[in-house]
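Participant: structure, please.
(4 chains)
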Number of protein chains: 4
Amino acid sequence: MFISETKIRVRYAETDQMGVVYHSNFFPYFESARTESIRELGFTYADMEKMGVIMPVVDVHCRYIRPARYDDLLNIRTTLKEMPLQHKIEFHHDVFNEKEEHLATAKITLYFVEAGTMKKTVMPKQLQEKLQAYFP
Amino acid sequence: MFISETKIRVRYAETDQMGVVYHSNFFPYFESARTESIRELGFTYADMEKMGVIMPVVDVHCRYIRPARYDDLLNIRTTLKEMPLQHKIEFHHDVFNEKEEHLATAKITLYFVEAGTMKKTVMPKQLQEKLQAYFP
Amino acid sequence: MFISETKIRVRYAETDQMGVVYHSNFFPYFESARTESIRELGFTYADMEKMGVIMPVVDVHCRYIRPARYDDLLNIRTTLKEMPLQHKIEFHHDVFNEKEEHLATAKITLYFVEAGTMKKTVMPKQLQEKLQAYFP
Amino acid sequence: MFISETKIRVRYAETDQMGVVYHSNFFPYFESARTESIRELGFTYADMEKMGVIMPVVDVHCRYIRPARYDDLLNIRTTLKEMPLQHKIEFHHDVFNEKEEHLATAKITLYFVEAGTMKKTVMPKQLQEKLQAYFP
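Facilitator: Okay, here's the model as predicted:
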């Protein structure tokens, strides 16, 4: 299993008139969390795109438990439960506030796709080698 | 069953560098579609908030089938399959482009909540009466 | 002078916890207004990009006079005061609500740029011919 | 003069199909930069709102010099050139990428307003005392 944690500060722009973070604004948080979790492994999503592999999101599920509020310093815990062997990768995200209250839980599924042909492909070897250590 | 259709034009702001609509930008489309479907019934979500009932989103699921692109005129079909009798309401959304290709399918669950106390409540009578006609 | 009007409904997603539209969310409204004003001329910005001409925004100025609110049906008036002869084009936007209150006024400057080389270019002939009628 | 610097990582969500950060997405960066600059002073905008003072944005001007790109680690330099004595405060923001290229320059004007009455007010004493040190 690979687990990573990322801190994100809620912006005013991300709140709505209910006084809480608008539901869809959690998804860019999850994106940042995925990006930072890959960076921790010594690789970047930006590098992957330069190698011609893109990762479109194909499925999202998010359950909102408690509201996130302006200026909250969120902790996003990102978990890879399985080593992705084919074109599909599933990230689990859990959001906590500074009181360690559990605010939301999500599963985001992405595909590895060749940018030119838009055909499904597999995870680049560089990333696979980094991840392998977490799935002995 | 209650079905409603809403047209939404994709903005440049909603695309990302993959050249497609960023995945979370579909959720404001679904919000517009819900708002317009309620307006068709002769009621507005804005009125409901003035009556002290708010509708936080508690769960979202979206499956992305084909990309939406800049300037696409999307058709969002919104379906209520069941008459919500308690505090919960489930909207189903399907997104089509002008070629009638199916781009995405989603289920959004919201609660009826009293704005002051944040306690669960039921659908305002005004909306219930309008909807009843579709669930004989 | 070329003047065009576009109606835009404010989304919940675009409000913030002050209960009004967050200031930067006016810019996608202006973008929609520009897109629709060009479409009225019988041309589309999407076509222009397919021809290899893109229009990056190089300068924005917006003054906020009164708040825009959730579910407001805004009227965006877009004005071209001068025929753009070189690489630069200036759009003026004024935002009104349904009570015809003046909410905001903006000037957005864009360049015509060749997508491949990123060099400044001029307005495509097709658009120039359409616009010429308004600047006799 | 009061100067503060804030680092912000560009999200994929903030890019558009031109492959650069969409122009209006700089404004939430500026908001974060203002928030962090106030926090450095030992005060928070969130505290100010709890005291009943809000700060609506009344005027923005931004000039875009070079594009910001996905995964860029931006440095936002925020400057207060004058001690605000009345209801108005002007922040200057300059954006640099990791190569220290100057990407954008902006001026954002906000008012101090009483949340209840929406009447203009002045900067809370707590913040004024912190800032005074920078304007001897």
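
Participant: and residue A:61, what are its bridge partners?
Facilitator: residue A:107, residue B:61 (DSSP bridges).

Participant: was I right to think it contacts residue B:107?
Facilitator: No: look at residue A:61 against residue B:107 with C-beta atoms under 8 Å: they stay out of range, at 9.4 Å. Bear in mind the C-beta positions are built from the backbone N, C-alpha and C, glycine included.

Participant: overlap in contacts, the two.
Facilitator: B:59, B:60, B:61 (C-beta atoms under 8 Å, 6 or more residues apart in numbering or on different chains).

Participant: ok, the residues you listed vs residue D:67, which is closest?
Facilitator: residue B:60 (31.9 Å; C-beta to C-beta).

Participant: give me the secondary structure label for the residue nearest the centre of chain A.
Facilitator: Residue closest to the average C-alpha location in chain A (C-alpha atoms, centre = their mean): residue A:34, at 3.2 Å. Here residue A:34 is recorded as helix under DSSP: H, G, I helix; E, B strand; the rest coil.

Participant: beta partners for residue A:91?
Facilitator: Counting by DSSP bridges, the residues bridging with residue A:91 are residue A:108.

Participant: show me where chain A has its strands.
Facilitator: Under the criterion DSSP state E, chain A contains strands at A:2-9, A:53-54, A:57-64, A:73-80, A:88-96, A:102-111, A:113-114.

Participant: report the angle between the fourth one and strand A:102-111.
Facilitator: This points to strand A:73-80. For strand A:73-80 against strand A:102-111, the angle by axes from the mean of the first three to the mean of the last three C-alpha atoms, to 10 degrees is 40 degrees.

Participant: for chain A, what lies in contact range of chain B?
Facilitator: A:18, A:20, A:23-25, A:27-28, A:54, A:56-64, A:67 (C-beta under 8 Å from any C-beta of the partner chain).

Participant: go again with 6 Å.
Facilitator: Taking C-beta under 6 Å from any C-beta of the partner chain as the measure of proximity, chain A contacts chain B at A:18, A:23-24, A:27, A:54, A:57-64.

Participant: any of these buried? List them.
Facilitator: Buried members of these, counted by 16 or more other C-beta atoms under 10 Å in any protein chain shown: A:18, A:23, A:24, A:27, A:54, A:57, A:58, A:59, A:60, A:62, A:64.

Participant: tell me which two of those sit farthest apart.
Facilitator: A:18 and A:54 (34.3 Å).

Participant: next, count neighbours for residue A:73.
Facilitator: Residue A:73 has 11 neighbours, counted by other C-beta atoms under 10 Å in any protein chain shown.

Participant: before we move on, the earlier item: what's near enough to touch the closest residue to the residue nearest to the centre of chain A other than its chain neighbours?
Facilitator: The shortest distance from residue A:34 to any non-neighbouring residue, by C-beta to C-beta, 6 or more residues apart in numbering or on different chains, is to residue A:91 (5.6 Å). Taking C-beta atoms under 6 Å, 6 or more residues apart in numbering or on different chains, we find residue A:91 in contact with A:34, A:78, A:108.

Participant: can you count the residues close to the nearest residue to residue A:68 once chain neighbours are set aside?
Facilitator: Among residues not flanking residue A:68 along the chain, residue A:21 sits closest, at 4.1 Å (C-beta to C-beta, 6+ apart). Close neighbours of residue A:21, defined as other C-beta under 10 Å, add up to 25.

Participant: hang on, isn't residue A:20 packed against residue A:70?
Facilitator: No: under the criterion of C-beta atoms under 6 Å, residue A:20 makes no contact with residue A:70, lying 8.5 Å away.

Participant: chain A against chain D: which residues are in contact?
Facilitator: A:11, A:12, A:13, A:28, A:31, A:32, A:46, A:71.

Participant: where does the last one fall, phi/psi-wise?
Facilitator: What that stands for is residue A:71. Phi and psi for residue A:71, reported as degrees, to the nearest 10, are phi 70, psi 0.

Participant: now do the same contact list for it.
Facilitator: A:10, D:46.

Participant: swap in 7 Å and give it another go.
Facilitator: A:9, A:10, D:44, D:46 (C-beta atoms under 7 Å, 6 or more residues apart in numbering or on different chains).

Participant: just those now: which is nearest chain B?
Facilitator: residue A:10 (15.4 Å; C-beta to the nearest C-beta).

Participant: contact partners for the closest residue to residue A:90 other than its chain neighbours?
Facilitator: Spatially, and ignoring its direct neighbours in sequence, residue A:90 is nearest to residue A:109 (5.2 Å; C-beta to C-beta, 6+ apart). For residue A:109, the contact set (C-beta under 7 Å, 6+ apart) comprises A:58, A:59, A:88, A:90.

Participant: relative to residue D:136, which of the strands of chain A is closest?
Facilitator: strand A:2-9 (31.2 Å).

Participant: could I have the closest one exported to PDB, CA atoms only?
Facilitator: What follows is strand A:2-9, C-alpha atoms only, in PDB (Å, rounded to 0.1, in the frame of the first residue of the first chain):
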ATOM      1  CA  PHE A   2       1.200   3.500  -0.800                       C
ATOM      2  CA  ILE A   3       0.000   6.300   1.500                       C
ATOM      3  CA  SER A   4       0.700  10.000   1.100                       C
ATOM      4  CA  GLU A   5      -0.500  13.200   2.900                       C
ATOM      5  CA  THR A   6      -0.900  16.700   1.500                       C
ATOM      6  CA  LYS A   7      -1.900  19.900   3.200                       C
ATOM      7  CA  ILE A   8      -4.200  22.300   1.400                       C
ATOM      8  CA  ARG A   9      -5.500  25.600   2.600                       C
END
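
Participant: can you give me the buried ones in that strand?
Facilitator: Buried, per 16+ other C-beta under 10 Å, within strand A:2-9: A:2, A:4, A:6, A:8.

Participant: need the residues of chain A near chain C, please.
Facilitator: Applying C-beta under 7 Å from any C-beta of the partner chain, we find that chain A lies next to chain C at A:12, A:13, A:15, A:16, A:17, A:19, A:22, A:24, A:70.

Participant: circling back: per-residue confidence for the residue nearest to residue A:34?
Facilitator: Per-residue pLDDT puts residue A:91 at 98.

Participant: then residue A:23?
Facilitator: So residue A:23 comes in at 98 (pLDDT).

Participant: ok, now which ones touch it?
Facilitator: Counting by C-beta under 7 Å, 6+ apart, the residues that residue A:23 touches are A:64, B:27, B:57, B:60.

Participant: I appreciate the help and will end here.
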